[in-house]
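pasted the sequence and its predicted model underneath.
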Amino acid sequence: MDVWPFSEPILYVFDPALSQQVTQDHSYPKYRGLIPFMIHLAGPGDMVSSNGAHWKKWRTIFNPGFAASHLMTLVPLITDECQIFIRKLAGHAQTNEVFRLEEDATRLTVDIIGKVALDTELGTQNGENEMITAFREQTHLLPNGGPLTFLKMWSPSGIVKRWRNSRIMRSYIGGVLDQRFAKEAQVANGAPVERKQRKRAIVDLAMEGYKDQQEDGGQSKASPGINTEFKDAAIAQIRTFIFAGHDTTSSTICYAVYMLQKNPACLERIRKEHDDVLGPLDSTPQVIKNDPHVLNKLEYTLAVIRETLRLWPAASSTRTGEPGFTVRDPKTGEALPTDDYLIWVVHYAQHRDPDIWGESATSFQPERFLPENAGKLPEGAWRPFEKGPRNCIGQDLALLETKIILAMLLRRFSFRPAFDSLEELKDDGSHHSRDADWRRGKQDIDGEEAYQILLGAAKPREGMPVRVKELL
Ligand code: HEM
């Protein structure tokens, strides 16, 4: 598509074989237009928009912290955060008020990232945190694809606010890192080792990996404590994890709840699996904490999450074409140049295409993802976390936290979407309430009122208004 003068020509990718060509056979560099967006959220050198040796270095250093085996050690921390979320929902149930589920789910996922990445209490489920407030304001100060939002980039107040927010985020995370690694330096200088075992956060494993790399590179044995290169990169990557990991996952939690409520047979089946595998609801958090591997037995729950991500993928992938590299049209065999193209792998379109998924393409059928049906899935067509070297580093974390929250949630509450009660939320102070345009005119897409909107990630419209009822 030629959209001159608004952007470079766009090559939209709607086909799994073509997606494989641009992300796996040859992983095209990330789209250059991501840099001016990510720089305000994460600072220079973030893992999402960087390429080449810089990207490879930091991806290698942070990979071990996101390995499924390491994440299992963090399950108790995640479960504690989920318990706070459950208590908040019980409060909503008592008042029978309409609320935006996405707001609560986002606070949950932010606090989980704080715990697993930094071992720090961000506490947004219980109040405000200056760094997260700055971060969330920042996402609203960037273009979101709506008409004229690019003008936001040039308004003087926007420029000042973005600079201020960046400074707040940097100094907050920098402070947490300084405190954490000061201990290490003190111990190296002879201070007594603390007896209390701390959980090893993702950043601890990254620090170890960084020091190993320095030594392998022939540099002298790394000194204890934190150095400037690691600190700057860790701040950028942790900001990236907050950006890439919080609303993608909260959006998935919201849509899983929504799709289950719309499909009562699936809801009944998932609740039964939770009874069978985890036992009574009240002891479920403890059962999960005692034996995190029990979560691997929740096959149907995993299938529900995969099916949710098929219908409601929270992200997509954008790349920059390269001179001399062509893609081959899978149907005609024609070689197409890519130089100067924005290559956009569109997950939503591929995940709902009847030519790929058959007649059931747009219906919610988690069974297709059960192990016994694995052989019938269209090859390479499910890619919500993208594939190839630039796939999502946080995918196991996202699946893990969504599984835990569903296991603790679905037997305790029933949900009812409340798009018909948006009026009650018009003064709730949220970003949604400030933009009355989103409530004028047509209120559905193809008959779906909970359609996705672009706000950093693809999120449920109006923050998924619901009412919740406690079943106990
Ligand atoms: C359901 C939740 C999630 C979805 C659907 C999702 C989706 C994706 C997708 C599609 C990409 C590739 C983007 C591209 O090619 O441009 C990606 C990359 C990435 N994601 Fe996720 N993500 C999720 C959760 C998370 C979490 C929890 C984290 C971290 C805490 C995370 C961190 C990242 C990072 C750092 C990258 C860049 C990786 C690289 O380029 O090496 N994501 N994600």
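Cool, got the structure. Computed from a predicted structure; not experimentally measured.

this protein against the ligand: which residues are in contact?
30, 47-48, 59, 113, 240-241, 244-245, 248-249, 252, 313-315, 317-318, 384-386, 390, 392-394, 397-398 (Cβ under 6 Å from any ligand atom). For every residue, glycine as well, the C-beta is placed using N, CA and C.

for ChimeraX, write the selection for the buried entries among these.
Applying 16 or more other Cβ atoms under 10 Å to the residues of the chain next to the ligand leaves a buried subset, and the ChimeraX line that selects it is:
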select :30,47,48,59,113,240,241,244,245,248,249,252,313,314,315,317,318,384,385,386,390,392,393,394,397,398
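
show me where pLDDT drops low in this protein?
Where the chain drops to pLDDT under 70, the residues are 144-151, 193-198, 218-225, 437-439.

for it, what spans make up the strands?
10-13, 99-100, 317-320, 326-328, 335-337, 342-345, 413-417, 452-455, 457-460, 465-470 (DSSP state E).

could you dump those strands into a markdown table and include distance to residue 135?
A markdown table is the format used below for these (distance: least, Cβ to Cβ, whole Å):
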| stretch | distance to residue 135 |
| --- | --- |
| strand 10-13 | 29 |
| strand 99-100 | 18 |
| strand 317-320 | 22 |
| strand 326-328 | 36 |
| strand 335-337 | 39 |
| strand 342-345 | 26 |
| strand 413-417 | 27 |
| strand 452-455 | 13 |
| strand 457-460 | 13 |
| strand 465-470 | 23 |
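
smallest gap between the stretch 201-350 of the chain and the ligand, at which residue?
Nearest residue of the stretch 201-350 of the chain to the ligand, counting by Cβ to the nearest ligand atom: residue 245, 2.8 Å away.

excluding covalently adjacent residues, which one is nearest to that residue?
residue 394 (4.8 Å; Cβ to Cβ, 6 or more residues apart in numbering).

and for residue 289, the neighbour number?
Residues near residue 289, counting by other Cβ atoms under 10 Å, number 16.

ok, it to residue 407 distance?
12 Å (Cβ to Cβ, to the nearest Å).

likewise for residue 83?
For residue 83, the distance to residue 407 - Cβ to Cβ - is 12 Å.

ok, now residue 126?
In terms of Cβ to Cβ, residue 126 sits 22 Å off from residue 407.

between these two, who's got more neighbours?
Neighbours were counted for residue 126 and for residue 407 using other Cβ under 10 Å; residue 407 has more, 26 against 13.

what sits against the nearest residue to the more buried one once chain neighbours are set aside?
Once flanking residues are discounted, residue 407 sits nearest to residue 274: 5.4 Å by Cβ to Cβ, 6+ apart. Contacts for residue 274 (Cβ atoms under 8 Å, 6 or more residues apart in numbering) come out as 281, 284, 298, 301, 407, 410, 411.

now the closest residue to the ligand within the stretch 301-450 of the chain, what are its backbone angles?
Proximity of the stretch 301-450 of the chain to the ligand (Cβ to the nearest ligand atom) peaks at residue 394, 2.2 Å away. When read as degrees, to the nearest 10, the backbone of residue 394 gives phi -100, psi 20.

can you tell me how far it is from residue 176?
For residue 394, the distance to residue 176 - Cβ to Cβ - is 19 Å.

how many neighbours does residue 374 have?
9.

let me see the contact set for it.
Residue 374 neighbours (Cβ under 8 Å, 6+ apart): none.

check the one 4 residues further on too.
Neighbouring residues of residue 378 by Cβ under 8 Å, 6+ apart: 16, 356, 357.

redo that, cut-off 6 Å
residue 356 (Cβ atoms under 6 Å, 6 or more residues apart in numbering).

not counting its neighbours along the chain, what's nearest the single nearest residue of the stretch 51-200 of the chain relative to the ligand?
For the stretch 51-200 of the chain, the residue closest to the ligand is residue 59, as judged by Cβ to the nearest ligand atom, at 4.6 Å. Computed as Cβ to Cβ, 6+ apart, the closest residue to residue 59 that is not its neighbour in sequence is residue 47, at 6.1 Å.

what ranges does the stretch 301-450 of the chain have for its helices?
347-351, 354-357, 395-409, 431-434 (DSSP state H, counting those that start in this stretch).

how about the second one, which residues are buried there?
This points to helix 354-357. Neighbour-count burial for helix 354-357 [16+ other Cβ under 10 Å]: 356, 357.

my guess is residue 327 contacts residue 20, does it?
No - in this structure, residue 327 is not within contact of residue 20 by Cβ atoms under 6 Å, at 10.2 Å.

comparing the two, which shows the higher neighbour count?
Taking other Cβ under 10 Å, residue 327 and residue 20 do not tie; residue 327 has more neighbours (22 against 19).

partner residues bridging that one?
residue 336 (DSSP bridges).

how much space between it and residue 350?
Distance, residue 327 to residue 350, by Cβ to Cβ: 15 Å.

ok, now residue 337?
For residue 337, the distance to residue 350 - Cβ to Cβ - is 22 Å.

so which of these two has more stuff around it?
Neighbours per residue (other Cβ under 10 Å) separate residue 337 from residue 350, with residue 350 holding more: 25 against 14.

list the contacts of the more buried one.
Residue 350 is in contact with residue 14, counting by Cβ under 6 Å, 6+ apart.

going forward, begin numbering at 755 instead of 1
Okay, using 755 as the starting number, the last item reads as residue 1104.

pull the number of nearby residues for the residue nearest to residue 1131 when sequence neighbours are not counted.
Leaving aside its sequence neighbours, residue 1131 sits nearest to residue 1122 (Cβ to Cβ, 6+ apart; 6.6 Å). A count of nearby residues for residue 1122, using other Cβ under 10 Å, gives 19.

then residue 971?
Neighbour count for residue 971, taken as other Cβ under 10 Å: 7.

residues in contact with it?
Residue 971 neighbours (Cβ under 6 Å, 6+ apart): none.

how close does the nearest residue to residue 1084 once chain neighbours are set aside get to residue 1137?
The spatially closest residue to residue 1084, leaving aside those adjacent along the chain, is residue 771, at 4.2 Å (Cβ to Cβ, 6+ apart). Distance of residue 771 to residue 1137, given as Cβ to Cβ: 12 Å.
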